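Student: here's a sequence, model it:
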Amino acid sequence: MGLRLHFPEQSDVRRRMGLIRFSAAVGAAALLLTGCSFADEALFPSLSGESSAPAQTSATPASTAESGAPAFNTGSFEPEGVTPGSPTGTFVGQKVQELRGDLERLQSSIANQNAQLQDLRARAVQNANVYHSTVGAIAAKLQVGTTPGNPVLVQQWNTAQTQLEQVSADLAQMNSLSNDVASNAALSSYVLEATRASFGISGAVDEDHRQLAILEDEVNRTTVLIDRLLSELTEDVARQTNYLGQERSNLTTLALGVSNGELYGTSLGARAYVAPVAPASEPGAGLASGRPLVVIRFDRQNVQYEQALYDAVSRALERRPNAAFDLVAVTPGGGTPAEVALNSNSARRNAESVLRTLTNMGLPPDRVSLAATTSPTATTTEVHLYVR
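Tutor: So this is what the prediction gives:
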């Protein structure tokens with residue numbers, strides 16, 4: 001998909017820049033290594049390869065294990081049972097016996113479904129705890145630093161992924177159980193309506209109506225019990241679904257940490273929807289000012305930019321949870337036409353690599369737009385990130 005970004009003409013340098021559209025090929029290619037710097041030194045650290053000091057991490061990144069197992073409701077739904085009755089020999093009496101049998105089967109099904117729910121809750125918590133134990137071990141090793149692509153951590157990450165799929169299987173069973181409970185809710189409504197309709201059948205004796213009244217009360221209580229069971233189960237499924245989505249995103253971010261041998265933190269996608277903790281402003285950031293939030297200079301090899309990039313975007317999202325970003329590939333304007341063409345291709349590949357990094361960190365791709373430009377002042381290919 002080709003995306004174009006318009007740059008306001010705010011300075012002589014920006015007026016000389018020629019904007020170019022390009023397509024962002026987001027794939028699974030390996031990340032390029034770079035050096036980077038931040039425009040606002042008072043807010044964010046610097047990783048410039050020139051005069052600025054290397055970025056230092058002052059706060060410990062949040063571990064993906066901090067979220068813990070998903071929360072479930074605690075209700076238990078045991079039917080009270082059905083009051084037995086004696087045959088009266090009337091047609092209505094036979095109808096009461098049939099309805100009483102329907103209610104007994106319905107309550108037996110509810111008891112089984114309640115047992116399934118309690119078992120699924122316990123199993124889901126157990127599987128989630130095992131998963132977080134594995135993730136915590138990975139995070140602890142990354143916290144102190146390790147080699148990129150450490151095979152031990154790769155194996156542990158694969159194990160964590162398998163364990164998370166067990167949690168996903170628990171969710172699938174909860175969804176199936178929810179459908180079964182919904183069917184029982186429809187059946188209970190039918191039994192209740194049939195019980196009430198039986199009061200209008202002629203040929204009944206007083207004992208028939210006495211037993212019908214008892215049966216109606218018990219069907220009513222059973223219907224309420226089913227409604228509560230279905231309500232809690234629906235809430236459990238919703239929470240489990242949100243939990244799984246977040247943990248899958250966190251696991252993707254953790255994979256990037258394992259690949260680079262350092263811990264970043266929770267997925268940027270989670271940070272994008274929390275309430276602001278500071279005024280929504282980033283001094284000096286934004287295309288209108290012409291001052292990027294992050295400048296990544298490809299002036300040398302093997303310079304790790306991922307942690308500093310994560311910190312910058314994370315803090316920006318803390319202040320502006322709904323922020324979007326503009327990623328601009330900058331090509332030096334000097335040199336022969338052939339050199340400019342080669343540098344342009346290199347800058348675009350670098351921008352795509354940075355985009356992949358942001359996506360792996362959990363930032364939704366639709367919140368980042370891409371563009372390309374040339375700059376007569378740039379001495380090497382660069383990637384600029386702006387907040388908007």
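Student: distance check, the closest residue in space to Val181 that isn't next to it in sequence against Ala182.
Tutor: Nearest residue to Val181, sequence neighbours excluded (C-beta to C-beta, 6 or more residues apart in numbering): Leu230, at 4.8 Å. In short, each C-beta sits where N, CA and C put it, glycine included. Per C-beta to C-beta, to the nearest Å, Leu230 is found 6 Å from Ala182.
Student: show me which of these two is the more surrounded one.
Tutor: Set Leu230 next to Ala182 and count neighbours by other C-beta atoms under 10 Å: Leu230 wins out with 19 against 14.
Student: contacting residues for the more buried one?
Tutor: 178, 181-182, 185 (C-beta atoms under 8 Å, 6 or more residues apart in numbering).
Student: what about Glu232, distance to Glu78?
Tutor: Per C-beta to C-beta, Glu232 is found 14 Å from Glu78.
Student: neighbour count: those two, which is higher?
Tutor: Each of Glu232 and Glu78 has its neighbours counted (other C-beta under 10 Å); Glu232 has more, 19 against 11.
Student: isn't there a helix covering that one?
Tutor: Yes. The assignment for Glu232 by DSSP: H, G, I helix; E, B strand; the rest coil puts it in a helix.
Student: need phi/psi at Val330.
Tutor: phi -110, psi 130 (degrees, to the nearest 10).
Student: can you name the residues bridging to the residue nearest to it when sequence neighbours are not counted?
Tutor: Spatially, and ignoring its direct neighbours in sequence, Val330 is nearest to Glu382 (4.1 Å; C-beta to C-beta, 6+ apart). Beta-bridge pairing for Glu382 (DSSP bridges): Arg297, Val330.
Student: ok, which stretches of this structure are helices?
Tutor: 12-15, 91-144, 151-198, 206-260, 268-271, 306-319, 337-360 (DSSP state H).
Student: for the protein, which residue is closest to the average position?
Tutor: Gln246 (2.8 Å; C-alpha atoms, centre = their mean).
Student: and Thr159, what does it touch?
Tutor: When contacts are counted by C-beta under 8 Å, 6+ apart, Thr159 touches Thr134.
Student: next one, pLDDT for it please.
Tutor: Looking at Thr159, its pLDDT stands at 94.
Student: got the domain boundaries for this protein?
Tutor: For the chain, automatic domain parsing gives the domain ranges 2-61+276-387, 66-260.
Student: shaky segments in the stretch 201-350 of the chain?
Tutor: 268-290, 302-303 (pLDDT under 70).
Student: would you put the C-alpha positions of stretch 301-308 in PDB?
Tutor: The C-alpha trace of stretch 301-308 is given here as PDB (Å, rounded to 0.1, in the frame of the first residue of the first chain):
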ATOM      1  CA  GLN A 301      26.800  -0.600  11.700                       C
ATOM      2  CA  ASN A 302      25.700  -2.700  14.800                       C
ATOM      3  CA  VAL A 303      24.300   0.200  16.800                       C
ATOM      4  CA  GLN A 304      21.200  -1.000  18.700                       C
ATOM      5  CA  TYR A 305      18.400   1.600  18.400                       C
ATOM      6  CA  GLU A 306      15.400  -0.600  19.400                       C
ATOM      7  CA  GLN A 307      15.400   0.000  23.200                       C
ATOM      8  CA  ALA A 308      15.700   3.800  22.800                       C
END
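Student: off-centre distance for that stretch?
Tutor: How far stretch 301-308 lies from its chain's middle: 26 Å, per C-alpha atoms, centre = their mean, to the nearest Å.
Student: buried sites along it?
Tutor: For stretch 301-308, the neighbour count (16 or more other C-beta atoms under 10 Å) marks 303-308 as buried.
Student: quick check, pLDDT for Ala115.
Tutor: 95.
Student: ok, so of the contacts of Leu230, who is nearest Pro332?
Tutor: For the contacts of Leu230, the closest approach to Pro332 (C-beta to C-beta) belongs to Ser178, at 59.1 Å.
Student: what lies in contact with stretch 200-210?
Tutor: When contacts are defined by C-beta under 8 Å, 6+ apart, stretch 200-210 is touched by residues 86, 88, 90-93, 95-96, 198-199, 212.
Student: farthest-separated two in those residues?
Tutor: For these, and using C-beta to C-beta, no pair is farther apart than Ser86 and Phe199, which are 18.7 Å apart.
Student: the more surrounded of these two?
Tutor: Higher neighbour count among Ser86 and Phe199: Phe199, with 13 against 9, using other C-beta under 10 Å.
Student: and the more buried one, what's its pLDDT?
Tutor: pLDDT, Phe199: 93.
Student: what's the burial count for Gln126?
Tutor: Other residues close to Gln126 by other C-beta under 10 Å number 14.
Student: same thing with Glu216?
Tutor: The number of residues packed near Glu216 is 17, by other C-beta under 10 Å.
Student: right, I'll leave it there.
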